[in-house]
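Trainee: Any chance you could fold what I've pasted below:
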Amino acid sequence: MTSKPGRGDWTNFCGLAVGLIPDGAGQLHVGIVYQSTDTVRFCDLAWHYSVTNKPAGTVDRLHWWNSGLDEINREIMIDWVRQIASADTAFPYGFNSSGEIFDPKTGHPLPLPIGQGLTCATFIMAAHRARGLELLDIET
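Mentor: Next up, the predicted model:
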């Protein structure tokens with residue numbers, strides 16, 4: 001994977017990446033960096049019922065790593081993230097995120113049982129899972 005060579009330098013960007021932001025409290029936050037039609041954008045579950053989708057160049061201290069997906073899966077995921085970002089998407093914050101999270105046709109969130117929700121990291125996993133790409137084997 002290729003890391004961002006400098007703020008605003010997208011020379012090696014392949015169209016889909018995971019973005020990492022260190023915050024002031026010593027924690028890390030992740031989201032999906034993707035090529036929109038006009039700009040590179042950062043889509044993330046910022047907090048409880050708060051999905052953001054902003055130009056990546058406006059995100060302070062953003063570091064990114066290309067996804068490593070092959071070209072076809074990368075294009076599928078770019079289109080899917082565009083769809084999620086354009087839907088009125090909002091998820092509760094929580095640590096249990098098993099099962100289907102997104103409507104497979106619209107990208108809108110499906111109702112989750114009480115107590116279930118996503119973190120910034122499981123948002124990325126759920127987005128990929130919705131397109132048949134398991135990033136992690138949670139059993140092992």
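Trainee: Identify the bridge partners of residue 34.
Mentor: residue 16, residue 41 (DSSP bridges).
Trainee: Surely it and residue 44 touch.
Mentor: No: applying CB atoms under 8 Å, one finds residue 34 not in contact with residue 44, separated by 11.1 Å. C-beta: built from backbone N, CA, C; applies to glycine.
Trainee: Between those two, point out the one with more neighbours.
Mentor: Shown here are residue 34 and residue 44; by other CB atoms under 10 Å, residue 34 has more neighbours (26 against 22).
Trainee: and the more buried one, how far is that from residue 18?
Mentor: Residue 34 sits 10 Å away from residue 18, going by CB to CB, to the nearest Å.
Trainee: cool, residue 60 as well?
Mentor: From residue 60 to residue 18 the distance is 17 Å (CB to CB).
Trainee: out of the two, which sits in the busier spot?
Mentor: residue 18 (18 against 8).
Trainee: What degree of burial does the residue nearest to the more buried one when sequence neighbours are not counted show, as a neighbour count?
Mentor: With sequence-adjacent residues excluded and distances taken as CB to CB, 6 or more residues apart in numbering, residue 18 is closest to residue 65, at 5.5 Å. A count of neighbours around residue 65, defined by other CB under 10 Å, yields 14.
Trainee: which SSE is residue 65 in?
Mentor: Assigned by DSSP states H and E, residue 65 belongs to strand 63-66.
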